[in-house]
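*Asks:* one predicted model, sequence on top.
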Protein chains: 2
Amino acid sequence: MTAHDYFQPDKNKDLVFERAIDVPRELVWSAWTDPKHVVKWFTPAPWRTVDCEIDLTPGGIFRTVMRSPEGQDFPNIGCYLEIVKNERLIWTDMLQPGYSPSPNGFFTAVLTLEKLPQGTKYKVLARHKDEETRKKHEDMGFHDGWGKALDQLIELCKTTLKA
Amino acid sequence: MTAHDYFQPDKNKDLVFERAIDVPRELVWSAWTDPKHVVKWFTPAPWRTVDCEIDLTPGGIFRTVMRSPEGQDFPNIGCYLEIVKNERLIWTDMLQPGYSPSPNGFFTAVLTLEKLPQGTKYKVLARHKDEETRKKHEDMGFHDGWGKALDQLIELCKTTLKA
């Protein structure tokens, strides 16, 4: 697969978020793969994630429910594609559990955690079907949103998860 | 994953094609995973498959080009999701190589090959995003088409591949 470089970002259709953080990748992995942690950091405040379901296997469910400050719920359901513990997590809402096509899929996310001497290189590749969808995701505040959520994840790792 | 029964057919959105055949599943697997074999049986005559590209890894490309009797080409590009040699092959055109969302995805296919005393139980679960898409696939001649293609696959297995 590497020979084909399938994960090289496509400037027209993909978005990339990348940051070096001072948290070990094992803690980042826990924050991403345990529902009881996900609800604590996943959504930039004042939004909240009020429910999360994870079956960490290819084709398994990844479901979240985000609640707006006004109390409106936004459920999202997708499935995992690849799981390499502490290194790489790929999921998509283009497919539902069992890889069943979604009626309203939006993107695929490739999360990569690279070990650094002082922590982790945290990288997200967000892939879309076309330039318009990429633009829409960017305008929704992709970089700001993923940045704030990561701040919350780091805070969680340094407090609750460090033990 | 089995506990969740993600692959139980949904009558509204899925189609199932199943037949017991007198060919060992190792030959069926070869017919499905080697491009030089695929072009020989994949499309019910008088249509032809004139090109095929396979990278048999999760996220890897599965590309075919079908040619109508009038000479019009219909390319289709998707990627593999799960590969269990001789047992199970899952791919989708909802995602392109590297799991990048497709602009015009149509279905996910779950091919299961079960060993029988006299051959193989050949089963295809075709999953769609909604009832309308399932109906469209059915009206396109799903059962007849997969049946004719399987007849061609069996013929190929019994002649070229048996050695």
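*Replies:* Received it, and whenever you're ready, just let me know what you need.

*Asks:* what is the neighbour count of A:Thr159?
*Replies:* When neighbours are counted by other CB atoms under 10 Å in any protein chain shown, A:Thr159 registers 10. Backbone N, C-alpha and C define where each C-beta goes, glycine included.

*Asks:* these two touch, right, A:Ala32 and A:Val38?
*Replies:* Check again: residue A:32 is Trp, not Ala. Yes: with contact defined as CB atoms under 8 Å, A:Trp32 and A:Val38 form a contacting pair (7.0 Å).

*Asks:* what are the contacting residues of stretch A:66-75?
*Replies:* A:Phe42, A:Thr43, A:Pro46, A:Trp47, A:Arg48, A:Thr49, A:Val50, A:Arg63, A:Thr64, A:Val65, A:Asn76 (CB atoms under 8 Å, 6 or more residues apart in numbering or on different chains).

*Asks:* in CSV: the residues you listed, plus distance to chain B.
*Replies:* Converted to CSV, the contacts of stretch A:66-75 look like this (distance: CB to the nearest CB, whole Å):
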residue, distance to chain B
A:Phe42, 21
A:Thr43, 22
A:Pro46, 30
A:Trp47, 24
A:Arg48, 27
A:Thr49, 22
A:Val50, 22
A:Arg63, 12
A:Thr64, 17
A:Val65, 19
A:Asn76, 15
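
*Asks:* out of A:Trp32 and A:Val38, which sits in the more crowded spot?
*Replies:* Higher neighbour count among A:Trp32 and A:Val38: A:Val38, with 22 against 19, using other CB under 10 Å.

*Asks:* buried residues in the host helix or strand of the more buried one?
*Replies:* According to DSSP states H and E, A:Val38 maps onto helix A:35-41. For helix A:35-41, burial by neighbour count (16 or more other CB atoms under 10 Å in any protein chain shown) applies to A:His37, A:Val38, A:Val39, A:Lys40, A:Trp41.

*Asks:* just the CA trace of it, in CSV.
*Replies:* Below are the C-alpha coordinates for helix A:35-41, written out as CSV (Å, rounded to 0.1, in the frame of the first residue of the first chain):
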residue,chain,number,x,y,z
PRO,A,35,-16.2,6.2,24.8
LYS,A,36,-16.0,7.5,28.4
HIS,A,37,-13.0,9.6,27.4
VAL,A,38,-14.3,10.7,24.0
VAL,A,39,-17.4,12.4,25.5
LYS,A,40,-15.1,14.6,27.6
TRP,A,41,-13.0,16.2,24.8
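
*Asks:* my read: A:Asn76 touches A:Trp91, true?
*Replies:* No: with contact defined as CB under 8 Å, A:Asn76 does not reach A:Trp91; the gap is 10.6 Å.
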